[in-house]
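Trainee: Here is my input, please return the structure:
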Amino acid sequence: MRHSINFSSIRSDETSLLEQFIRRCLLLNYEIKTIEYLNEKFSEMNQKGIYYIEDRKCNFDVEIGRDMFLDYERNVVDTFILWSGDSDFYDPIKQLLEDNKKVILFATSGRVAKELNKLKEDGLFIFDIQKIRNFICYKKQIDFNL
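Mentor: Numbers count the residues shown, from 1 in each chain. The predicted structure is shown next:
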């Protein structure tokens, strides 16, 4: 992702450019000389021909979706298990369910996107990961005399 750092039309005491990088609640606590100093750094970068900075965005959801699609295309998987309640997975999960694949979603109850919850009607099984603790115990809690 490219973020503009073009200082050419901004006053030295203005925060609009800084707000892209620093939360407003913090900016409100800065003295004006701090704002001016930070804006001066943008100006110096512009003088060197730098008018944007790149911020690499993680595309992990896209990579997971791609891998799911490849496994689907190769027809090597009958059951897909996904640890996410993110709505980004709605379309791939819907397609898998329509094509009679089993999909199990592990996620925190109450944190599953409403779009995914609707897919329960189509066969999506959602397991609340908070319930995993019911299957885990400390060694001292195990009754070996069963």
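Trainee: Please count neighbours and contacts with C-alpha atoms only from this point.
Mentor: OK.
Trainee: Need the residues that contact the longest strand anywhere in the chain.
Mentor: For the chain, the strand that runs over the most residues, judged by DSSP state E, is strand 102-107. By CA atoms under 8 Å, 6 or more residues apart in numbering, the list of residues contacting strand 102-107 from outside reads 78-85, 93, 96-97, 123-129.
Trainee: buried ones in the helix or strand following that strand?
Mentor: On the C-terminal side of strand 102-107, the nearest following helix or strand under DSSP states H and E is helix 114-118. If you call a residue buried by 16 or more other CA atoms under 10 Å, then helix 114-118 has these buried ones: Glu115, Leu116, Asn117.
Trainee: need those in a markdown table with distance to Ile5 and pLDDT, can you?
Mentor: Supplementary listing: those in a markdown table, determined by distance: CA to CA, whole Å; pLDDT from 0 to 100:
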| residue | distance to Ile5 | pLDDT |
| --- | --- | --- |
| Glu115 | 37 | 93 |
| Leu116 | 38 | 94 |
| Asn117 | 41 | 93 |
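Trainee: and which of those is nearest Lys41?
Mentor: Proximity of the buried residues of helix 114-118 to Lys41 was ranked by CA to CA; the top entry is Glu115 with 44.2 Å.
Trainee: I'd guessed that closest one sits against Ser87; true?
Mentor: Yes - applying CA atoms under 8 Å, one finds Glu115 in contact with Ser87, separated by 6.3 Å.
Trainee: ok so, going back, with distance to Asn6 as extra columns, can I get the buried residues of helix 114-118 in a markdown table?
Mentor: Converted to a markdown table, the buried residues of helix 114-118 look like this (distance: CA to CA, whole Å):
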| residue | distance to Asn6 |
| --- | --- |
| Glu115 | 39 |
| Leu116 | 41 |
| Asn117 | 43 |
